[in-house]
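**Student:** Okay, here's the prediction I keep looking at, along with the sequence it came from:
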Amino acid sequence: MKPHDLQRLVETRMPFGKYEGRPIADLPGDYLNWLAREGFPRGDIGRLLALMHEIDHNGLGELLAPLRTAASNRERAA
């Protein structure tokens, strides 16, 4: 994991599929589990999805709360 990856989870939107356009940090756990079973896509997006799966699976979603707030404030200011 790179230091800025947690921030990227709240800023990067899902580029395809059922949840296209939704921030990766907001993807439902059952969808992340399905991706884990089927295989994460290659590349950066797959790495971020795998990280979000680990966070969700281990009940660590609250780690992202301050980052969500900061991202939301930035969006409103823009």
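**Tutor:** Noted; the coordinates are in hand.

**Student:** Surely residue 51 touches residue 4?
**Tutor:** No - if you go by Cβ atoms under 8 Å, residue 51 and residue 4 don't touch, sitting 11.6 Å apart. Backbone N, C-alpha and C define where each C-beta goes, glycine included.

**Student:** Out of those two, name the residue with the larger neighbour count.
**Tutor:** Neighbours around residue 51 and residue 4, counted as other Cβ atoms under 10 Å, are more numerous at residue 51. The numbers are 18 against 9.

**Student:** for the helix or strand encompassing that one, the distance to its chain's centre please.
**Tutor:** Taking DSSP states H and E as the definition, one finds residue 51 inside helix 43-57. The chain centroid and the centroid of helix 43-57 are separated by 7 Å under Cα atoms, centre = their mean, to the nearest Å.

**Student:** any idea how far residue 10 is from residue 37?
**Tutor:** Remark: distance between residue 10 and residue 37 (Cβ to Cβ, to the nearest Å) = 25 Å.

**Student:** neighbour-wise, which of the two wins?
**Tutor:** Counted by other Cβ under 10 Å, residue 10 and residue 37 do not tie: residue 10 has more neighbours, with 20 against 7.
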